[in-house]
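In: Have a look; sequence and predicted model below, questions after that.
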Amino acid sequence: MEIKQFEDKNLSQYSYAVVSNGEMALIDPARNPQEYYDFAKQQNAEITAVIETHTHSDFVSSHLEIHHNTGAVIYASKFSGAEYPHQTFDDGDALVLGTISLKSLNTPGHSPDSICITAIDENGKEKAVFTGDTLFIGDCGRPDLKDRAGVITSVSTDFAKQMFNSLRGKLMTLLDDVLVYPAHGAGSLSGKSISEKNSSTLGAEKISNWCLQNLSEKDFVKELLTDQPFFPKYFSFDAGLNKKGAESFVESIAKVEKRDPVVCKGCANSLNPKVFIIDTRPQEQFKKAHLINAVNLMNNVKFETWLGSIVNPEEKFYLIAENETVLNQLIERTAKIGYEKQIELAFLSEYGNTVMKPFDSSQLQYNEDSYTIIDVRNDSEFKTQKTFANSINIPLHELRERVTEIPVNKPILVLCAAGYRSAAGSSIIKSKLGEAVQVFDLGEAVKNFKHELQKQI
C-alpha cells in the first residue's frame, strides 16, 4: 500500500491517493484533477474509486469529473444528499483496493455526512485513517457551518455534541500507531487552531490535541464553539456545488472571456459600472493608477479565501492582473472555489485616472484623533490587541456591507495586521464613498506601531 498526500497551500487543503496492486483510490480530490492523473500514470495504476469524506464547503471537488473521465465509482455517505452518481459508504461498508481495503466510519459533527476512512493492509491491520474535517492535527472540525453565516445556534451545539461522541466513540478506539491524515492544515477556516504538521498518529494526538483530552461533553462543546473563524460568503455556495458535482475544470476555465488584446487601454468607458472590479496588482502599482471603483485584492497565498469572502456567490466581477501569466493563474485559482463563471471579463490594466495618495505614518504619533481609524482584522484579532485606542473594527469580509457605518467627518485611515487586508479595505471604502472622502492605507507601517505598543507594555 502506498499513500500519497497532495497539498493545496492556497486553501490549506490535503487530498490523497491510496495505491495497491495497480488500483488507486482518491480521497477528497481538489478541483483540478490533473495531478492525480499524472500520479496514476507514474504508478501504472487505474483510478477505481473516489471517496468524499463529506460535502466540502471550502473548495470545489473534482469527484464528478474524475468519475466521467475514468469510470471510477464515487463513494459518499448516505447522509450527503449527493445528486451525482455514487455508492453510499457508511458504517460497516468497505471497498477492496488491490490487496487492501478501505472502511468507512460515520463521524458526524463537522457535518451530518462526515465519514472517516481507515486503510487496512493485507494482514488486516489498520494502518491509517483519513479523517476529513473531523479530526485535524491539533484540532477538530468546526460544527457551525450548517448555521446561517456561522451564527451559533442549537444546531451548532448539537453538532458539537456529535463531534464529542464521534471522536471518542470512533477515532479514539483505533490503535495509537494508526497514522492520521486530515483534509486540512494550518490556515484553513474549517478549524481554529490547526497545527502546521501535515500528519500525525492517533497516539500523538491523544497526548497533544485538545479535542481528545479528558473533557466533559459540556466543556468540550463550550470550547469548540468559542472563537471559531469567520464564515466566508462562498462556503454555502461551494457546498451546494459539490452536492451536485462541478463541471470539468479545463472546460470551465476555457469559457472565461479574456480581452483581446489582453491589455486594456482606456477601457473604463466600455465597462459596466455596476460590475465589481477586482484588481490583483501589487498595491504600489494600484495606488499609482487604477480604474475608478476598483478594489485591490492582491495576488497572494490567500487570494481564493478573500475573493470568496468579499464577492458574493453568482456576483459578476472583472478580474485584472499585472501580466498574462498571472491572469491565467488567477482564473484557475478562482475556479478552485467555483467562482470562474462569475468573471465578466479578465484583462490587464496599468491605467486609470484614480490614485490613492501615500500616507505619512509619522502624522499618527501625535495626531491619532484626527483620523477615523478602521481596523479590518477579524474580531478575534481585534479583541486580542487594539493597535489604536479609538479604532473601529469592521472585519474585511463584512466591509462592503457596512461602509455606511463609517463616520466621514474626518479622513479615514485603514489598517490590518500586515498590509494585505488594509489594501483591500481602503480601496473598498474608497470605491463606496467616492473621491469626496479622503481614504488612506496604513499598510505595512502598522508593524511599527505594534512594536511601539510592545515597548510601552
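Out: Arrived safely.
In: Next up, phi/psi of residue 135, please.
Out: The phi and psi values for residue 135, taken as degrees, to the nearest 10, are phi -120, psi 120.
In: give the contact list for the residue lying closest to residue 442 once chain neighbours are set aside.
Out: Leaving aside its sequence neighbours, residue 442 sits nearest to residue 415 (Cβ to Cβ, 6 or more residues apart in numbering; 4.2 Å). C-beta: built from backbone N, CA, C; applies to glycine. Neighbouring residues of residue 415 by Cβ atoms under 8 Å, 6 or more residues apart in numbering: 373-376, 387-388, 391, 422, 442, 446.
In: and if we set it to 10 Å?
Out: Contacts for residue 415 (Cβ atoms under 10 Å, 6 or more residues apart in numbering) come out as 361, 364, 373-377, 387-388, 391, 421-422, 425-426, 440-443, 445-446, 449-450.
In: Which members of the residues you listed are classed as buried?
Out: 361, 364, 373-377, 387-388, 391, 421-422, 425-426, 440-443, 445-446, 449 (16 or more other Cβ atoms under 10 Å).
In: Show only the entries of those found in strands.
Out: Taking DSSP state E as the definition of strands, these contribute 373-375, 440-441.
In: For stretch 415-422, the averaged confidence score.
Out: The pLDDT scores in stretch 415-422 average 95.
In: Which pair in the ones in strands among the buried ones among the contacts of residue 415 has the greatest spatial separation?
Out: Put simply, by Cβ to Cβ the two of those set farthest apart are 375 and 440, 13.6 Å from each other.
In: Identify the structural domains in this protein and state their residue ranges.
Out: 2-236, 250-348, 361-456 (automatic domain parsing).
In: so how far is the first residue of the second one from its last?
Out: Separation of the first and last residues of domain 250-348 by Cα to Cα, to the nearest Å is 22 Å.
In: Show me whatever sits in contact with both of residue 375 and residue 440.
Out: The contact sets of residue 375 and residue 440 overlap at 413-415, 422 (Cβ under 10 Å, 6+ apart).
In: Among these, name the ones in strands.
Out: Judged by DSSP E, strands contain the following of these: 413-415.
In: Which one of these is nearest to residue 407?
Out: When those are ranked by distance to residue 407 (Cβ to Cβ), residue 413 comes first, at 12.1 Å.
In: Give me the spatial nearest neighbour of the closest one, chain neighbours excluded.
Out: residue 371 (4.3 Å).
In: ditto for residue 381
Out: Leaving out its chain neighbours, the residue that sits closest to residue 381 by Cβ to Cβ, 6+ apart is residue 417, at 6.5 Å.
In: what's the answer for residue 69, then?
Out: Excluding the flanking residues, the one nearest residue 69 by Cβ to Cβ, 6+ apart is residue 33, at 7.3 Å.
In: check contacts around the one you found.
Out: Residue 33 is in contact with 15, 26, 40, 47, 50, 61-63, 65-66, 69-70, 248-250, counting by Cβ under 10 Å, 6+ apart.
In: at 7 Å what do you get?
Out: 62, 65-66, 249 (Cβ atoms under 7 Å, 6 or more residues apart in numbering).
In: hmm, back to that, residue 408 is in contact with the residue nearest to residue 413, correct?
Out: No - contact criterion Cβ atoms under 7 Å: residue 371 and residue 408 do not qualify, at 11.8 Å.
In: So for those two, which residue has more residues nearby?
Out: Under the neighbour definition other Cβ atoms under 10 Å, residue 371 and residue 408 were set side by side, and residue 371 has more, 21 against 16.
In: now that one: how far from residue 23?
Out: 63 Å (Cβ to Cβ, to the nearest Å).
In: which residues of this protein fall in helices?
Out: Along the chain, counting by DSSP state H, helices occupy 34-42, 63-70, 154-169, 202-208, 217-225, 234-244, 249-254, 283-288, 303-310, 324-335, 379-384, 399-402, 420-433, 446-456.
In: So which of those is the most surrounded?
Out: The highest average neighbour count among the helices of the chain, using mean count of other Cβ atoms under 10 Å, belongs to helix 420-433 at a mean of 24.
In: For residue 387, give me the pLDDT.
Out: pLDDT, read off for residue 387, is 88.
In: Low-confidence stretches in the stretch 151-300 of the chain?
Out: 151-154, 266 (pLDDT under 70).
In: switch to 80 and redo it
Out: 151-154, 260-269 (pLDDT under 80).
In: Kindly report the same for the stretch 301-450 of the chain.
Out: Within the stretch 301-450 of the chain, the ranges that satisfy pLDDT under 80 run 350-351, 365-366, 450.
In: how far away is residue 220 from residue 227?
Out: Distance, residue 220 to residue 227, by Cβ to Cβ: 15 Å.
In: no wait, residue 242
Out: 27 Å.
In: same deal with residue 357?
Out: Counting by Cβ to Cβ, the gap from residue 357 to residue 227 is 37 Å.
In: Between the two, point out the one with more neighbours.
Out: Neighbour comparison, residue 357 and residue 227: the larger count goes to residue 227, with 13 against 10 (by other Cβ under 10 Å).
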